[in-house]
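J.: based on what follows, work out the 3D shape:
(one chain, ligands or ions: 1)
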Amino acid sequence: MSNTELSLQDKAKQRAGFKAAEYISNGMIVGLGTGSTVAFTMARLKERISAERLSIYGVPTSLQTMMRTGALGIPLVGLEQVQTIDITIDGADQIDSELRLIKGRGAAHVRERIIADASKRIIIVADPSKLCADLTGPIPIEIVPFSLPHVLNRLNQMGGTIQVREGVKKDGPVISDNGNIILDYQPITILDPMQLETVINMIPGVVCCGIFAEFTHKTTVIIGEENGPRIIGL
Ligand SMILES: O=C[C@H](O)[C@H](O)[C@H](O)COP(=O)(O)O
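T.: Residues are numbered from 1 along each chain as shown. Here you go, the predicted structure:
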């Protein structure tokens, strides 16, 4: 797509995504997130690989990213082949003032959390619409299919509303890359993101939810503002 065809929001994503690619240097192992914003980072990395002979290996967080990087020719390694990941670049659905996140609109948050945890540093790329004073939800939750009635019961006891995410081009529930079901849980309020994350993640059957509150100490956020990328955090 040419630059003139991009929407204003896509241009903002592009500014953030391109800026993040500058943080990558020769020899790095790079966690590659999922979604439309980090797709711009991957496009820029492909250019740097050709123009500067940049030598990197990516660790993908989803089948979508695996397919995109395959098409771009970015070399990949599996998590089992690396000790640690130098930097992970990923998107987010909501970012609060303390750099806590909600992720998982694309149902990739389980693998994204694993890669984030294995990374020395995390760079989150986003357009300005993702910034908020406080996280509000909905919160994506990946669950083992067998546990559906139990998890629905437990979340109902907590209040709020829950939807089993359904496919757009598929009848029935969305199935994640891990073979699981995705719920979208709208709590009444999120007073303490870390506490709510812990409570949801402890429900048997939940693989994990999309609140990422534990990585703020190693997170940088890049917002693609109109007059240039804004860096928040480290
Ligand atoms: O499951 C999807 C991921 O958490 C994405 O990183 C997140 O939804 C942001 O995606 P986008 O950059 O397309 O807004």
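J.: endpoints of stretch 80-94, how far apart?
T.: Start and end residues of stretch 80-94 are separated by 30 Å (C-alpha to C-alpha, to the nearest Å).
J.: now stretch 29-47
T.: Stretch 29-47 end-to-end distance (C-alpha to C-alpha) = 17 Å.
J.: tell me which residues in that stretch are buried?
T.: For stretch 29-47, a neighbour-count test (16 or more other C-beta atoms under 10 Å) marks 29-35, 37-46 as buried. All C-beta spots, glycine's among them, are computed from the backbone N, C-alpha and C.
J.: and what of stretch 96-114?
T.: 96, 99-113.
J.: contacting the ligand as well, which ones from the buried residues of stretch 29-47?
T.: Counting by C-beta under 6 Å from any ligand atom, the subset of the buried residues of stretch 29-47 that neighbours the ligand consists of 33-35, 37.
J.: and those, which two are furthest apart?
T.: Thr34 and Thr37 (9.7 Å; C-beta to C-beta).
J.: spit out the residues that contact the two alike.
T.: Gly91 (C-beta atoms under 8 Å, 6 or more residues apart in numbering).
J.: count of residues packed around Pro145?
T.: A count of nearby residues for Pro145, using other C-beta atoms under 10 Å, gives 11.
J.: could you check how far the closest residue to it other than its chain neighbours is from the ligand?
T.: Once flanking residues are discounted, Pro145 sits nearest to Ile181: 5.1 Å by C-beta to C-beta, 6 or more residues apart in numbering. Between Ile181 and the ligand the computed distance is 15 Å (C-beta to the nearest ligand atom, to the nearest Å).
J.: let me see the contact set for Ile181.
T.: Contacts of Ile181 (C-beta under 8 Å, 6+ apart): 142-145, 148, 164-165, 173-175.
J.: the same query, at a cut-off of 7 Å, please.
T.: Ile181 sits next to 143, 145, 148, 164, 173 when contact means C-beta atoms under 7 Å, 6 or more residues apart in numbering.
J.: Ile24 now?
T.: Applying C-beta under 7 Å, 6+ apart, the residues contacting Ile24 are 30, 45, 56, 87.
J.: SS state for it?
T.: Here Ile24 is recorded as coil under DSSP: H, G, I helix; E, B strand; the rest coil.
J.: next, give phi and psi for it.
T.: Per-residue torsions, Ile24: phi -100, psi 130 (degrees, to the nearest 10).
J.: swap in the one 10 residues further on?
T.: Reported as degrees, to the nearest 10, the phi and psi values for Thr34 are phi -120, psi 150.
J.: thinking again about what came up before, show me which of the buried residues of stretch 96-114 neighbour the ligand.
T.: Answer for the buried residues of stretch 96-114 near the ligand (C-beta under 6 Å from any ligand atom): 103-109, 112.
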